[in-house]
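*Asks:* Attaching a predicted model along with its sequence, questions to come.
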Amino acid sequence: MSQYYNANRKSNLYDPKSKYPFRLSRSKIDLFLKCPRCFYLDRRLGVGQPPQMPFNLNSAVDTLLKKEFDIHRAKGSAHPLMATYGIDAVPFRHTKMDEWRDALRGGITFIHKPTNLNVTGGIDDIWVGPAGDLIIVDYKATSKDGQVNIDADWQISYKRQMEIYQWLFRRNDFKVSETGYFVYCNGKTDRAAFDGKLEFDVTVIPYNGNDDWVEGALIDAHKCLSKTAIPKASPDCDYCAYREAAAGVEGVAPSGQKTRTTSAGKTTKTNAQGKMAL
Ligand code: SF4
């Protein structure tokens, strides 16, 4: 039995009859937007995608950045990166800072009344500008050649993450700047040897968020959870392409048809009566 994967979860399932707010993290909202079917299988039926192994090196970078910004938070001073990038801000001090950063204990939360969803998110950092506007900050770590950016299609998840945090803080009655920042650490591989050290270039990338979509996404996610039938799968998902291919070579297509490999190496499908499927 895997220590990492509970293939048939019985907890944290949406019950349409329950009066209690249903907890929904920002990553599950992102999952809904990527594929309503996987979201439904996970939150309604208890079958989630297998988890990825923990990214320990990324977590180490996050931990060290938090420590570094916390030194300036305690002193009320700007971090040198803020001066480098001309950002007029200091790390935000608040009694709930540790709670907001702890995704496992809920992070920052808001109960969205129309759906009774308890939306949650664990932030990396908050800075504050001179007028008291909060600036959402997210740390990212990678190792790639060239400059880091947030322009790739898959990085829409980063942008949505920032926008959900902005939405959460606004719903908690904070004034929030539309500009947030990604503190992006890029591990350098152009050194002569490892020598027990990995050095990083740190780039601060601004992003102007727009949280207008969040309300609609919550309504749609709630409708999806309330359905009695499993929604359709996303057409371009690698996991489902894998499942289809695996089921095909194993002889049972996901549709329930049986497959047969001909002597020419071609795979054909037959229906329950053994007739060739078109
Ligand atoms: S397409 Fe399939 S595997 Fe992919 S996210 Fe959706 S249900 Fe999950």
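*Replies:* Nice, I can see it.
*Asks:* From the chain's centroid, how far away is stretch 123-140?
*Replies:* 19 Å (C-alpha atoms, centre = their mean, to the nearest Å).
*Asks:* whoops, I mixed them up, stretch 131-141
*Replies:* Stretch 131-141 sits 17 Å away from the centroid of its parent chain (C-alpha atoms, centre = their mean).
*Asks:* Alpha carbons of that stretch, as CSV, please.
*Replies:* C-alpha atoms of stretch 131-141 as CSV (Å, rounded to 0.1, in the frame of the first residue of the first chain):
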residue,chain,number,x,y,z
ALA,A,131,-0.7,54.2,1.7
GLY,A,132,-1.4,50.9,3.5
ASP,A,133,-2.2,48.8,0.4
LEU,A,134,-1.3,45.2,0.8
ILE,A,135,0.9,43.7,-1.9
ILE,A,136,0.6,39.9,-2.5
VAL,A,137,4.0,38.2,-3.0
ASP,A,138,4.6,34.7,-4.1
TYR,A,139,8.0,32.9,-4.1
LYS,A,140,8.9,30.6,-6.9
ALA,A,141,12.0,28.5,-7.5
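*Asks:* neighbouring contacts of it?
*Replies:* Here stretch 131-141 makes contact (C-beta atoms under 8 Å, 6 or more residues apart in numbering) with 57-58, 61-62, 65-66, 87, 89, 92, 123-129, 148, 158, 161-162, 165-166, 169, 174-177, 179-187, 200, 209. Using the backbone N, CA and C atoms, a C-beta is placed for each residue, glycine as well.
*Asks:* Show me which positions of it end up buried.
*Replies:* Residues 134, 135, 136, 137, 138, 139, 140, 141 are the ones in stretch 131-141 that count as buried (16 or more other C-beta atoms under 10 Å).
*Asks:* what's the answer for stretch 74-81, then?
*Replies:* By neighbour count on 16+ other C-beta under 10 Å, the buried set for stretch 74-81 is 79, 81.
*Asks:* what does stretch 40-52 give?
*Replies:* Quick answer for stretch 40-52 (16+ other C-beta under 10 Å): 40, 41, 42, 43, 44, 46, 48.
*Asks:* List the buried residues for stretch 174-190?
*Replies:* 174, 176, 177, 179, 180, 181, 182, 183, 184, 185, 186.
*Asks:* coming back round to it: spatially, which two of the buried residues of stretch 131-141 are the most separated?
*Replies:* Longest distance between any two of those is 23.2 Å, between 134 and 141; criterion C-beta to C-beta.
*Asks:* Residue 236 versus the nearest residue to residue 178 once chain neighbours are set aside, what's the distance?
*Replies:* Nearest residue to residue 178, sequence neighbours excluded (C-beta to C-beta, 6 or more residues apart in numbering): residue 208, at 5.3 Å. Going from residue 208 to residue 236 by C-beta to C-beta, to the nearest Å gives 28 Å.
*Asks:* ok, those two, which is more surrounded?
*Replies:* Between residue 208 and residue 236, counting by other C-beta atoms under 10 Å, residue 208 is the more crowded of the two (11 against 8).
*Asks:* Okay, that one and the ligand: tell me how far apart.
*Replies:* The spacing between residue 208 and the ligand, counted by C-beta to the nearest ligand atom, to the nearest Å, is 29 Å.
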